[in-house]
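> After the sequence you'll find the predicted model.
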Amino acid sequence: MTIYNFNGQTCRGGKIKVNNLNFYYGSFQALRNINLDIPGCAITAIIGPSGCGKSSFLRLLNRMNDLIYGSRIEGTIELDGKNIFDKTVDVVDLRKNVGMVFQKPNPFPISIFDNIAFGPKQHGKKNKMELEEIVENSLKQAALWDEVKDKLGQSALALSGGQQQRLCIARVLSVEPEVILMDEPCSALDPMATLKIEDLMRTLAKNYTIIIVTHNMQQAARVSDTTAFFMMEPDRAGSLVEYGSTSEIFTNPKDKRTEDYITGRFG
Amino acid sequence: MEIRTDFNKRLREIQDDILIMGSMVEKAMTTSIKALKDRDIDLAQHLIEDDEYINHKRFEIEEKCIRLIATQQPLAVDLRTIISVLNILTELERIGDYAAGIAKIVLMIGCEEHLKPLVDIPRMADKAISMLQRSLDAFIKHDAVAAKSVITEDDDVDNLYDQVFRELLTFMIEDPKTITRATRLVWVAHNLERSADRITNICERIIYIVTGKMEEMGASNY
């Protein structure tokens, strides 16, 4: 097992292992032969031009593709050594373990408290005290507690965009996942809210494995430990061009295509 | 269609500025040795005053680099180029100072006869100037091989320095009255030797721009 050291923190390789992954929407191949070893308790950024399959790839990691009619997968994705496409895997459990934060904050139109308590309730937690503790812990972890502790009964829709996004992160944390997927989590936020989310990501990376898809290269450079660069092949299938430590990718990429992309000379 | 046209234009401008500053420094080196050979006090005085232009150019380019980093977030080879330019600037500015230092020694020497006709010191200067020219050429062409070959020539300058030092030492041993004059020439040779070292530093930065690897290539004996 590969051991990495990011920002003084030791991370183990192989938290998620992607092996010879091909993904199709009907006859269209969206991803070709992806092989990737994502370390645990670290942030992995996925970058690449539009249409290169970044988001498709991210959605495969908690089987959101199951919802797309006609999609098909070859290869495996192992989470802690177990193939997530295995017939014995319960998708609800998987999505509890692998949470997702979307581009636009999507709080439920209910109170702040109920937004966070929603997941744990679905997973059978009914005790009020226990739920209160989960809500408080999740909001604290998402660095939102101080801002909302006096208005937990208010509608989540009354929060600002940045607060809503942190609420969505708290909602993911409330079911104690191991992996958090983030699809452009800051693209609808202002710079200050973006920096808050980035700070939060760095804090969360101590205990969670985070995978973020971003168009913002500076964001990838700022927050992530490893970076994967995807690109579209001539037949429009997405493939992995280069994967390595973020500092290496952004200062001295090995592949000319990565160099051209991150220096803004194509894409 | 070229993407990032404005950024590319500004990056090219900075690289052109390095060439301009490089030629200012080269001229200072040539002039300093001419002033020394001819014991031309006026020329030396001008050179000392003109050093201000080199210093000014250094700050001008440095500001451009900082602005480009702040506004354009350069990455990969662009980032390596700009960071290396910031280092190269310092090296060039110091070489300019060494030339001005030689001019100051010329003022000290005044109209005094040299101990002997100058042979090795001009050779050292020619060698260092040629190294500087070729390092600037390698910089513009992003040519790591050429930069490496310049670095190997630092040994020639070091050997010449050894030779000059030993020769001047014999003068001093034979006749202590020559110590002041000989020491001044040792300072001149030392400045030229240091200039060549600075040029090897420039070459190391060029190699970094091209390969992304930072390594000490030309450890000087001095």
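Yep, that arrived. Residues are numbered from 1 along each chain as shown, chains lettered A, B, ... in the order given.
> Backbone torsions only: list them for the residue most central in space within chain B.
Geometric centre of chain B, nearest residue: residue B:95, 3.6 Å, by Cα atoms, centre = their mean. Main-chain torsions, residue B:95, degrees, to the nearest 10: phi -60, psi -40.
> Surely it is in contact with residue B:198?
Yes: counting by Cβ atoms under 8 Å, residue B:198 is a contact partner of residue B:95 at 5.1 Å. (Glycine included, C-beta is placed from N, CA and C.)
> So for the residue nearest to the centre of chain B, what's the pLDDT?
pLDDT for residue B:95: 98.
> In contact with it, which residues?
By Cβ atoms under 8 Å, 6 or more residues apart in numbering or on different chains, residue B:95 lies in contact with B:25, B:28-29, B:132, B:195, B:198-199.
> Drop anything exposed from the residues you listed.
B:25, B:28-29, B:132, B:195, B:198-199 (16 or more other Cβ atoms under 10 Å in any protein chain shown).
> Can you add distance to residue A:85 and give those residues back as JSON lines?
Formatted as JSON lines, these follow (distance: Cβ to Cβ, whole Å):
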{"residue": "B:25", "distance to residue A:85": "64"}
{"residue": "B:28", "distance to residue A:85": "70"}
{"residue": "B:29", "distance to residue A:85": "69"}
{"residue": "B:132", "distance to residue A:85": "62"}
{"residue": "B:195", "distance to residue A:85": "65"}
{"residue": "B:198", "distance to residue A:85": "60"}
{"residue": "B:199", "distance to residue A:85": "60"}
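> Need the pLDDT of residue B:215.
As summarised for this prediction, residue B:215 has a pLDDT of 82.
> what does residue A:5 give?
For residue A:5, pLDDT reads 69.
> got it, and the one 4 residues further on?
What the model reports as pLDDT for residue A:9 is 67.
> Tell me who's in contact with the residue of chain A found nearest chain B.
Residue nearest to chain B within chain A: residue A:252 (2.9 Å; Cβ to the nearest Cβ). Applying Cβ under 8 Å, 6+ apart to residue A:252 gives the contacts B:76, B:80, B:211-213.
> Within reach of chain A, which of the residues you listed are there?
With Cβ under 8 Å from any Cβ of the partner chain as the criterion, the contacts of residue A:252 include B:76, B:80, B:211-213 near chain A.
> What's the local residue count around residue 173?
In the absence of a named chain, chain A is used. 23 (other Cβ atoms under 10 Å in any protein chain shown).
> Sorry, I should have been clearer: chain B.
By the criterion of other Cβ under 10 Å, residue B:173 has 11 neighbours.
> did I read that right, it in a helix?
Yes: with DSSP: H, G, I helix; E, B strand; the rest coil as the criterion, residue B:173 is part of a helix.
> give the contact list for residue A:219.
By Cβ under 8 Å, 6+ apart, the neighbours of residue A:219 are A:45, A:186, A:194, A:198, A:212.
> Give me the pLDDT for residue A:132.
Reported pLDDT for residue A:132: 96.
> tally of neighbours for it?
14.
> And it, which helix or strand is it part of?
According to DSSP states H and E, residue A:132 maps onto helix A:128-141.
> which parts of that helix are buried?
Within helix A:128-141, the residues scored as buried using 16+ other Cβ under 10 Å are A:131, A:134-139, A:141.
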